[in-house]
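Engineer: Provided below are the primary sequence and the corresponding predicted coordinates.
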Amino acid sequence: MNVTEKIKEEAKKAVEILKAGGTILYPTDTIWGIGCDATNETAVKKIFEIKKREESKSLIVLIDAAEKLNKYVKDVPAVAWDLVEFSEKPLTIVYAGAVNMAKNLLSNDGTVAIRVVKNDFCVELLRKFGKPVVSTSANISGEETPLSFNGISREVITQVDYVVNLPLEKNKTGTPSTIIKIDINGVIKFLRK
């Protein structure tokens, strides 16, 4: 089986889990993440439980195409379109006015952190699923973020419903995305460089 076929097969398996309200451990465009349906409050609650994280902390959401931003953000600031299009590295943007997502993944101020992904597996997963997917680092809250699959604790691995099996990704080392916040006036603030 070639790499493309393996990506398609693993995306299909992961989508079945997501549709059933389950959680997945998967390689993102940055690091390995824990994911679920970003529109399903019960699934999002499971992620907070796995991470032992306070629900007051928001989670990052992945989408596969910039044009889908309009479906999940009331008013996308004009500057965001250029940032998403021209960013060479993975960029997560925090937007005001989140809509059509699980309420428990949003910040208290109604913002949502969204990243448009470009890597093969995530694009395949998101296209097949047809909805945004949560992406949060594969660790217990407060512990160091694992930069490769080998750094993920057994505790996390055994609590998710499905671990995506892409051997090429298991030894790859990643870097978390840059996170910026754009306010209603288009002012940009760096939250993580």
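Structural biologist: The structure has been received and is ready for your questions.

Engineer: Next, work out how far apart the residue most central in space within the chain and Thr30 are.
Structural biologist: Closest residue to the average C-alpha location of the chain: Ser135 at 2.4 Å, with Cα atoms, centre = their mean. Distance of Ser135 to Thr30, computed by Cβ to Cβ, to the nearest Å: 8 Å. The way it works is simple: take the backbone N, C-alpha and C, and place the C-beta from them, glycine included.

Engineer: same thing with Pro132?
Structural biologist: Taken as Cβ to Cβ, the span from Pro132 to Thr30 is 16 Å.

Engineer: can you pull the contacts of the closest residue to Gly142 other than its chain neighbours?
Structural biologist: Residue nearest to Gly142 in three dimensions, not counting chain neighbours: Lys52, with 8.0 Å by Cβ to Cβ, 6 or more residues apart in numbering. Shown in contact with Lys52 (Cβ atoms under 8 Å, 6 or more residues apart in numbering): Ile140, Ser141, Gly142.

Engineer: Show me which of these is closest to Asn104.
Structural biologist: Ser141 (15.1 Å; Cβ to Cβ).

Engineer: Can you pull the phi and psi angles for Leu162?
Structural biologist: For the record, residue 162 is Tyr, not Leu. With angles defined as degrees, to the nearest 10, Tyr162 sits at phi -150, psi 140.

Engineer: and it, bridged to which residues?
Structural biologist: Ile24 (DSSP bridges).

Engineer: close enough to count as contact, it and Val15?
Structural biologist: No: between Tyr162 and Val15 there is no contact under Cβ atoms under 8 Å: 10.0 Å.
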